[in-house]
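Q: give me a 3D structure for the following:
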Amino acid sequence: MHYMRIIAHFDLDSFFASVEVLNNPELKGRPVIVGGKERGVVAACNYEARKFGIHSAMPSKKALQLCPEGIFLKGNYGEYSRFSRWVTNIIAAKAPLFEKASVDEFYLDLTGMDKFFNPLQWTIELRQQIIQETGLPISFGLASNKMMAKMATNKAKPNGFLQIPHGKEQDFLAPLSVGEIPGVGGQTEEILKSMGLYTIHDLFKAGAEVLEERLGKHGPDLWLKSQGIHHREVSPYHEAKSISSETTYGDYATDPTFIRAELVRLTEKICYELRQDEKVTGCIAVKIRYPDFETTSRQTTIPFTSADDEIIPVVKALFQKLYKKGTPIRLLGVRLSELTNDAVQTNL
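A: Reported below is the predicted structural model:
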């Protein structure tokens, strides 16, 4: 069956600076720049700093000249990582398929979910959950492919959202400048402008052959992009610091004895992997997806262990708290995280 693709792109606004403001509310409303004051470059800055013309990758010295009253911070990368994992876990618990493109950027493939939910409403609710739980501002775009979703997010910022309906891609793109296409760098933009091509509509009118003459094989690809055509898939995300196993049941699982046996099987499988890697776990999660794609998960922390007989009862208890009794199950998953190979941890 062929579905219309539905892709969401989430981007945490001014992520590093937002974490700094969240952890120190006195910084709110002030220009915050993450990066060295005298040397180095700007790693991130908030919207208050951008009003002075400051942007990422700008030499810190220049940023200081533009905004002498700016708050320059070295950056707390442990905190950025913690908040990034927090948002990742919220998305992982809800989304059928997602890609973590960077520490602050995610693509979600919601194709086929429109049979069960309104994808825009679902995405709005996920955004609200992220904001409420973490306190971080986050924007999203919803569109027919990754490129269009990212461009929608860029227009939705700061802290907003935008949907580009199917079939309206060219209407959205036409008036935008050529430099707004992801992947078009300064050099390419200058070449296009020297050809008299300023807007994406200009690009489209120029045609693939003209663009190929000046830009080589990049030209025809750019012409396709000018029509909102982009085929790159959402690549499934794999958390490097966790081990998980899940199974999708085509006919849905309903028999309680079978479901209990599956929980044990999945848990034994990942406990074996854990011991092969000579690791122990401190966090266990169970995930259930129902036939209507509603996905729910629950996790708990435990004393560090790799023993089946300590982990299996916790998995069963989590499942009992989570499961809507009698409801068929589409997918069942178990995940072990907070892994460490520090043997001392097992005795704490």
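Q: grab the nearest non-local neighbour of residue 203.
A: In space, and not counting its chain neighbours, residue 203 is closest to residue 226: 4.1 Å by C-beta to C-beta, 6 or more residues apart in numbering. For every residue, glycine as well, the C-beta is placed using N, CA and C.
Q: let me fix that, I meant to ask about residue 204.
A: Going by C-beta to C-beta, 6+ apart, residue 204 has residue 226 as its nearest residue, at 4.2 Å.
Q: ok, the one you found - contacts?
A: Going by C-beta atoms under 8 Å, 6 or more residues apart in numbering, residue 226 touches 173, 181, 200, 201, 203, 204.
Q: and with 6 Å instead?
A: 200, 203, 204 (C-beta atoms under 6 Å, 6 or more residues apart in numbering).
Q: tell me where the stretch 1-150 of the chain has helices.
A: Ranges of helices in the stretch 1-150 of the chain, per DSSP state H, counting those that start in this stretch, are 15-23, 47-50, 60-66, 77-94, 119-134, 146-156.
Q: okay, the ones you listed in CSV with distance to residue 167 and mean pLDDT next?
A: Putting the helices of the stretch 1-150 of the chain into CSV (distance: least, C-beta to C-beta, whole Å; pLDDT from 0 to 100) gives the following:
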stretch, distance to residue 167, mean pLDDT
helix 15-23, 33, 95
helix 47-50, 33, 96
helix 60-66, 43, 94
helix 77-94, 27, 88
helix 119-134, 15, 98
helix 146-156, 12, 97
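Q: which one of the ones you listed lies nearest to residue 8?
A: helix 119-134 (5.0 Å; C-beta to C-beta).
Q: so how far is that closest one from its chain's centroid?
A: Distance of helix 119-134 from the chain centroid (C-alpha atoms, centre = their mean, to the nearest Å) equals 13 Å.
Q: try stretch 128-139
A: The answer for stretch 128-139 is 13 Å, by C-alpha atoms, centre = their mean.
Q: which residues touch the residue most central in space within the chain?
A: Nearest to the centroid of the C-alpha atoms of the chain, with distances taken as C-alpha atoms, centre = their mean, sits residue 106, at 1.9 Å. Counting by C-beta under 6 Å, 6+ apart, residue 106 touches 10, 91, 98, 100.
Q: I'd like to know how far the last one sits from residue 337.
A: Between residue 100 and residue 337 the distance is 15 Å, computed by C-beta to C-beta, to the nearest Å.
Q: out of the contacts of residue 226, flag the one nearest to residue 261.
A: residue 200 (55.5 Å).
Q: list the contacts for that closest one?
A: Residue 200 neighbours (C-beta under 6 Å, 6+ apart): 173, 176, 226.
Q: which non-adjacent residue is nearest it?
A: Residue 200 sits nearest to residue 173 (C-beta to C-beta, 6+ apart), 4.4 Å away.
Q: tell me the pLDDT at that neighbour?
A: You'll see residue 173 listed with a pLDDT of 98.
Q: right, and residue 289 touches residue 331 too?
A: Yes. Under the criterion of C-beta atoms under 6 Å, residue 289 makes contact with residue 331 at 3.8 Å.
Q: on that earlier part again, the residue nearest to residue 200 and residue 271: what is the separation?
A: 50 Å.
Q: try residue 314
A: 11 Å.
Q: the more surrounded of the two?
A: residue 271 (24 against 18; other C-beta atoms under 10 Å).
Q: residues contacting the more buried one?
A: Residue 271 makes contact with 308, 311, according to C-beta under 6 Å, 6+ apart.
Q: just checking, it is part of a strand?
A: No. Applying DSSP: H, G, I helix; E, B strand; the rest coil, one finds residue 271 to be helix, outside a strand.
Q: bridging residues for the nearest residue to residue 88 once chain neighbours are set aside?
A: Sequence neighbours aside, residue 100 is the residue nearest to residue 88 in space, at 6.0 Å (criterion: C-beta to C-beta, 6+ apart). Going by DSSP bridges, residue 100 is paired in beta bridges with residue 106.
Q: tell me how many other residues surround residue 100.
A: 20.
Q: the one 3 residues further on now?
A: Residues near residue 103, counting by other C-beta under 10 Å, number 16.
Q: find the nearest non-adjacent residue to it, please.
A: Per C-beta to C-beta, 6+ apart, closest to residue 103 is residue 84, 4.7 Å.
Q: contacting residues around residue 116?
A: 292, 293.
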